[in-house]
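In: Any chance you could fold what I've pasted below:
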Amino acid sequence: MQRRGEPREDLEHHIMERTIEFSNILALLKREIGERRRSEEALRRSRDELERRVEERTAELARANEALQAEIAERKQMEEALRRSGEELERRVVERTEDLLKTVELLRREIVERQRLEEAGEAAERELEAQRALSVRSDRLRSLGEMAAGIAHELNQPLTGVRGMAEYLMIALDRKWDLSEEKVKDRLRLIVEQADRMSHIIEHVRTFSRGAGRSERYPVQINDVVRSAAGMLEAQFHVRGVRLVCELEEGLPEVSANPFSLEEVVLNLLINARDAVEDRLKAGGASRSLGVQVRTRLEGEGQTQGVQVEVIDEGVGIPDHLLGKVFDPFFTTKGPDRGTGLGLSISRSIVEEFGGAIQIRSAPDQGTTVTVSLPVIL
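Out: From the prediction side, this is the model:
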């Protein structure tokens, strides 16, 4: 009975093993099916995600394509505008080039004309300078002419003395007067002294004519300049009935200047003052004798110290509307035979060259005061 049951048990055991094996296989199949399902689900989700991304990218590409098409269209418009702008620019360049060529031609003609005008101006300026130099020379010759009467007066006295002493000696010799050698020497010594005096006057005039206007400077005593100028014109003042009074402060410090140029300034101021007084005398109405006063004085202190020369006349005066023009070249209220209008202009140039200044105050029928200020040598 047991042997008969062994195959059955073996069968059952075999069936059991097969069942277990089948169960295992079935479990494996379930797991594999589950994994496949999960894989399919993941694959589905991946496909869905891919489709979504493809749709998104497609939409993005569509939008990018639209933007690109718009940009291409805009660029085409810009290129067209740029082409038209280039054509317009080229047209303007051609027009501007033509305008520039015309302008260059006009400028060339203007330059040629300006050069011609400049050459003409330079020629006129040279002519004007020559005329100015001639007028300056004429004005200085006039000053020398004004000095001539004074020189004649200065020379007349020593000449009269020389002639008298020479005639005395000739008469004494002709009549064989008994003259001692000492007396003859005294007379001859006086003749020599008077001759030296005349020589000094003539030499001063020659030096004045050469030295006036030069730029050399020397230490100058202003009172000596004023005395020399006044001495040259004193006779002219006397002949014309004009008083000349000099009030000179003694002990004034020296100034650095050309003495002959300063003398020219003082001569010009004295001549103007004399003419102004003479015009007032001729006009009548003066209840007293009129004259000209020359004063020198020291002004300021220390570094600002200076010497002043004032020429004060009681002449016709200068109207206010003309007072600002008196230093202009060629301006004059006198007739053409009485001046060139350069006296005050030259005088101001000379004074300023020596570091000084010249001022004028005037009122009609009351007279004029001209003040020259010069720095002293410290």
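In: And the helices in the stretch 151-300 of the chain, which stretches?
Out: 181-211, 222-239, 259-283 (DSSP state H, counting those that start in this stretch).
In: Please work out which of the ones you listed is packed deepest.
Out: helix 259-283 (a mean of 22; mean count of other Cβ atoms under 10 Å). C-betas here are computed from N, CA, C, even on glycine.
In: Counting by contacts, list what that helix packs against.
Out: helix 2-174, helix 181-211, strand 218-220, helix 222-239, strand 291-299, strand 306-313, helix 343-353, strand 367-375 (3 or more Cβ pairs under 8 Å, 6 or more residues apart in numbering; DSSP states H and E).
In: Lowest mean pLDDT across those, which one is that?
Out: Mean pLDDT is lowest for helix 181-211 among these, at a mean of 70.
In: Now render the helices and strands packed on helix 259-283 as CSV, adding distance to Asp275.
Out: Converted to CSV, these look like this (distance: least, Cβ to Cβ, whole Å):
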stretch, distance to Asp275
helix 2-174, 10
helix 181-211, 21
strand 218-220, 27
helix 222-239, 10
strand 291-299, 10
strand 306-313, 9
helix 343-353, 10
strand 367-375, 11
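In: nearest to Pro329, of those?
Out: For those, proximity to Pro329 was assessed by Cβ to Cβ; helix 343-353 is nearest, at 4.5 Å.
In: ok now the closest one, how far from the chain's centre?
Out: Helix 343-353 has its C-alpha centroid displaced from the chain centroid by 20 Å (Cα atoms, centre = their mean, to the nearest Å).
In: in it, what's buried?
Out: Gly343, Leu344, Ser345, Ile346, Ser347, Arg348, Ser349, Ile350, Val351 (16 or more other Cβ atoms under 10 Å).
In: Quick check: Ser228 vs Glu234, distance?
Out: With distances taken as Cβ to Cβ, to the nearest Å, Ser228 is found 11 Å from Glu234.
In: Who is the nearest residue to Phe237 once chain neighbours are set aside paired with across the strands?
Out: Nearest residue to Phe237, sequence neighbours excluded (Cβ to Cβ, 6 or more residues apart in numbering): Leu244, at 4.3 Å. Assessed by DSSP bridges, Leu244 has beta-bridge partners Val292.
In: Let me know the pLDDT of Leu244.
Out: At Leu244, pLDDT is 93.
In: I figured it hits Val277, correct?
Out: No. Counting by Cβ atoms under 8 Å, Leu244 stays clear of Val277, with 9.7 Å between them.
In: just to revisit the earlier point, among the helices of the stretch 151-300 of the chain, which is nearest Ser39?
Out: helix 259-283 (126.6 Å).
In: closest one to Ser256 among the helices and strands packed on helix 259-283?
Out: That would be, of the helices and strands packed on helix 259-283 and by Cβ to Cβ, strand 218-220, which comes in at 6.4 Å.
In: Mind listing the strands the closest one pairs with, and their directions?
Out: Strand 218-220 has these strand partners (DSSP bridges): strand 255-257 (antiparallel).
In: now Asp48: how far from Glu41?
Out: For Asp48, the distance to Glu41 - Cβ to Cβ - is 10 Å.
In: circling back to that earlier point, mutual contacts of Leu244 and Val277, please.
Out: Gly291, Val292 (Cβ atoms under 8 Å, 6 or more residues apart in numbering).
In: what does the model give Glu250 for pLDDT?
Out: In this prediction, Glu250 has a pLDDT value of 93.
In: ok, it - contacts?
Out: Asn223.
In: Make 55 the first number, not 1, from now on.
Out: Noted, 55 is the first residue going forward, which turns the last one into Glu304.
In: Arrange the helices of the stretch 205-354 of the chain in CSV, one row each, with distance to Leu428 as further columns.
Out: Shown next, in CSV, are these (distance: least, Cβ to Cβ, whole Å):
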stretch, distance to Leu428
helix 235-265, 18
helix 276-293, 7
helix 313-337, 8
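In: which one of these lies closest to Gly88?
Out: helix 313-337 (133.6 Å).
In: now that closest one and helix 397-407, what's the angle there?
Out: Taking axes from the mean of the first three to the mean of the last three Cα atoms, to 10 degrees, one finds helix 313-337 and helix 397-407 inclined to each other by 150 degrees.
In: Quick one: distance of helix 313-337 to the chain centre.
Out: 34 Å.
In: ok so, going back, can you tell me the number of residues neighbouring the residue nearest to Phe291?
Out: Using other Cβ atoms under 10 Å as the criterion, Leu298 is surrounded by 18 other residues.
In: do you know how far it is from Glu355?
Out: According to Cβ to Cβ, Leu298 and Glu355 sit 31 Å apart.
In: try Arg92
Out: From Arg92 to Glu355 the distance is 121 Å (Cβ to Cβ).
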